[in-house]
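# This is a predicted model, with the sequence first.
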Amino acid sequence: MLRAEVYWKSLLLAIPIASLASAPFLLKSAYFVHFFSLLFLFLALASAWNILGGYAGQVCLGTGAFFGIGAYSMMLSLKANLPLYASIIAGGIAASCLALLIIPLFRLRGIYFAIGTLFLPDIIRTFVLYFSDVTGGAMGIYLPLIRDPLFAYTFLLAVSVCTILVTHFLVNSRYGLAMRAIRDDQDAGEMYGINATKLKTMCLLTYAFLCGLAGSGYALYMGFLDPYTVFHLTWSIAPVFMCIIGGQGTIWGPIVGSIIYVVLSEQLTFIVGELHLLVFGGILIAVILLAPYGIVGALKRLSSNFVRGWKACSYAKT
């Protein structure tokens, strides 16, 4: 019975993935590739952030640093004549190495840790500008031969799926219970034998590695990197926004949040320009006030209340 359930779940997961993977070759639409590449990119970043921020309760605002250093490491590795796949992995490894440097910040909790990581992208951008002989400085790096939108689309789809699967396996393992325990009350969790620093380090390295892979995918799609775009604040704030809107600490939350963010940003940018940030701010405030657990959390609560009410009515009739 269990094997049959796993089989059907795998089949239901494989069908949409196969459809999305083959769609660009069948539709041959440049906008379709652009839209879904952007969606997969933000979905990977939001799901990766959800591991550390949503489940472990350690809010990090330095996603742009891991994303940017992954993109730059991938491009520099290609310039050094490394194979393509080795360069892609190098982006994730470089992001994980950067994450090792901020482990001492785990001594800070709550908003203090978030503030401590907020300026990390600016620090890395300063280094990129300083070592302009290697990184290209403000002029950036341009490698047109690696730009392959279809390959980047497929790669970003794979990264987003892998990120969701990694989150699922972590949450449903013994580590998931420990992560939720230190999120709710770190001191109580440590009293029961949970090594909070070790667990947060594992989550941080996983989150950074996945962000670095997403940065490699972005470099593959663009073929050009400049420090002011790659280390922009958007890459750090957008994943947090998507998780709060969709529901942090849930598998579906980043998926719902990324769809809402990308669809609205694509539409509102053409209509109101930079004022779309005000719309996002209004949506964020409304969700925090009306659905503090996000859209997915609100739907779960509504469904559970409905089920309880239905059972109560059935019991009263009997």
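Received it, and whenever you're ready, just let me know what you need. Numbering: from 1, shown residues only.
# any low-confidence regions in the stretch 101-250 of the chain?
Residue ranges of the stretch 101-250 of the chain with pLDDT under 70: none are present.
# residue boundaries of the helices in it?
Using DSSP state H, counting those that start in this stretch, the helices of the stretch 101-250 of the chain run over 111-118, 120-130, 132-135, 149-171, 174-184, 186-191, 196-222, 227-230, 234-246.
# Can you tell me the closest non-neighbouring residue to Cys211?
Phe66 (3.8 Å; CB to CB, 6 or more residues apart in numbering). Quick note: C-beta positions are derived from backbone N, CA and C, even for glycine.
# For the one you found, give its distance to Ile259.
23 Å (CB to CB, to the nearest Å).
# now Ala181
Counting by CB to CB, the gap from Ala181 to Ile259 is 30 Å.
# Those two - which one has more neighbours?
Neighbours were counted for Ala181 and for Ile259 using other CB atoms under 10 Å; Ala181 has more, 19 against 16.
# For the more buried one, list the residues it contacts.
188-189, 192, 194 (CB atoms under 8 Å, 6 or more residues apart in numbering).
# same thing with Thr63?
Per CB under 8 Å, 6+ apart, neighbours of Thr63: 45, 48-49, 211, 235-236, 239-240.
# Make TSV from those residues and add neighbour count to it.
Formatted as TSV, the contacts of Thr63 follow (neighbours: other CB atoms under 10 Å):
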residue	neighbour count
Leu45	32
Ala48	32
Trp49	27
Cys211	35
Trp235	26
Ser236	25
Pro239	32
Val240	23
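# Could you export these as a markdown table, including distance to Ala114?
Output for the contacts of Thr63, formatted as a markdown table (distance: CB to CB, whole Å):
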| residue | distance to Ala114 |
| --- | --- |
| Leu45 | 16 |
| Ala48 | 16 |
| Trp49 | 12 |
| Cys211 | 16 |
| Trp235 | 15 |
| Ser236 | 10 |
| Pro239 | 13 |
| Val240 | 9 |
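# quick one on the thing from earlier: now render the helices of the stretch 101-250 of the chain as JSON lines, adding distance to Gly54.
Formatted as JSON lines, those follow (distance: least, CB to CB, whole Å):
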{"stretch": "helix 111-118", "distance to Gly54": "14"}
{"stretch": "helix 120-130", "distance to Gly54": "19"}
{"stretch": "helix 132-135", "distance to Gly54": "32"}
{"stretch": "helix 149-171", "distance to Gly54": "9"}
{"stretch": "helix 174-184", "distance to Gly54": "8"}
{"stretch": "helix 186-191", "distance to Gly54": "15"}
{"stretch": "helix 196-222", "distance to Gly54": "10"}
{"stretch": "helix 227-230", "distance to Gly54": "24"}
{"stretch": "helix 234-246", "distance to Gly54": "6"}
